[in-house]
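Enquirer: Predicted structure and sequence below. I'll ask about it afterward.
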Amino acid sequence: MASHHPFDWRGHRLELLGTKAVWDPAQGLLLLADLHLGKAETFQAHGIPLPSDGDRGTLNALLDLAHHWRPQEVVVLGDLIHSRLGLTAELRQKLAALPALLGCPLSLIGGNHEWGSWLAGLSQQASLQRGPLWLSHIPEQAPAGAGERLNLCGHLHPVALVGSGNDRLRLPCFSFDASAPRLLLPSFGQLTGGHPCDPRLPCWLVADGSVVAWPV
C-alpha cells in the first residue's frame, strides 16, 4: 500500500494518502474526489478514440483502498462520473455493485459533472458535515452557525509545478489554505488532468504512491 502523511487540524488527525485520497481514522471515513468514470466513453461519443481502460484502474484502486482501511463510509466529493453520455449499462452495473464491493455505505456529493444524471441507488447529496469537517465538491465555507470547519473539497484537480524548463513536472497534490480553512484534494481518476494550485500555499506532492511535503 502507498505511503501516507499525517495532517493535523486542531487535534483532528487525517492521513493524506499516496493514492490521492484522505483517511479519517477517528470517523472511519475514506474521502476522495473527481473519479470521472465514463470519461473515455464520453469522448468516444464525440468521435475521439480514447482507450476504455481508465475506469478499471480507478475502480480497482478504490477497492484496494477500501479493503486496506476498512472504512465505515466512503465519501466521494463530487464528479464520480464524467457525464451521462459515459453512463453505459456496464458502468451503471458497476456503480450499483460498488457499495457491496466496498463493504460500507457510499455517499456522493453531487458535482458539476453529475448534473442531469441519475444513478440507481446512489442519491446525490449537497455538502455534508462530518465531525469537524465540511465536505463539498467546489470550495465553500460551512454555513453560519456550523462553527469553523475544515473544508475538504475537489473540483479543481490541483497539481504543483516542480522544477523548471525541460525538467519541470506537474504532480498531483493536496493543497492547504489555512485562511479558509480548506484542504483541496487531487483528482482520484486515472483519466483526469490538473490545474496549477496557488504556489504560495503549502502542499503535499503525490508521486509513485508517496506523499511528500513541499515547501512554500
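Expert: Received, thanks.

Enquirer: ranges for the helices of this protein?
Expert: 39-45, 54-69, 89-102 (DSSP state H).

Enquirer: for the longest one, what is the average pLDDT?
Expert: Per-residue confidence for helix 54-69 averages out to 89 on the pLDDT scale.

Enquirer: circling back to that earlier point, comparing the helices of the chain, which stretch has the densest surroundings?
Expert: Mean neighbour count (mean count of other CB atoms under 10 Å) peaks for helix 39-45 among these, with a mean of 20. For glycine as for every other residue, the C-beta is placed from the backbone atoms N, C-alpha and C.

Enquirer: Dihedrals phi and psi, residue 70?
Expert: Dihedral pair for residue 70: phi 50, psi 60, per degrees, to the nearest 10.

Enquirer: Where does pLDDT dip in the chain?
Expert: 1-2, 39-54, 82-86, 112-121, 165-166, 191-192, 216 (pLDDT under 70).

Enquirer: ok, back up a step: quick one: closest of the helices of the chain to residue 155.
Expert: When the helices of the chain are compared by CB to CB, helix 39-45 sits nearest residue 155, at 15.3 Å.

Enquirer: Quick check: longest strand in the chain by residues?
Expert: Secondary structure of the chain per DSSP state E: the longest strand is strand 169-177.

Enquirer: Sheet partners, orientation included, of it?
Expert: Applying DSSP bridges, strand 169-177 is found paired with strand 158-162 (antiparallel), strand 182-184 (antiparallel), strand 203-207 (antiparallel).

Enquirer: hmm, who's touching that strand?
Expert: 7, 16, 20, 22, 157-163, 182-187, 194, 196-198, 201-207, 211, 214 (CB atoms under 8 Å, 6 or more residues apart in numbering).

Enquirer: buried sites along that strand?
Expert: 171, 172, 173, 174, 175, 176, 177 (16 or more other CB atoms under 10 Å).

Enquirer: Contact partners for the residue most central in space within the chain?
Expert: In the chain, the centroid-proximal residue (CA atoms, centre = their mean) is residue 33; its distance is 1.8 Å. Residues in contact with residue 33, defined by CB under 8 Å, 6+ apart, are 76, 77, 78, 79, 137, 153, 154, 155, 185, 186, 187, 188.

Enquirer: roughly how far apart are it and residue 209?
Expert: 18 Å (CB to CB, to the nearest Å).

Enquirer: next one: residue 23
Expert: Counting by CB to CB, the gap from residue 23 to residue 209 is 14 Å.

Enquirer: quick one: which of those two has more around it?
Expert: residue 23 (21 against 13; other CB atoms under 10 Å).
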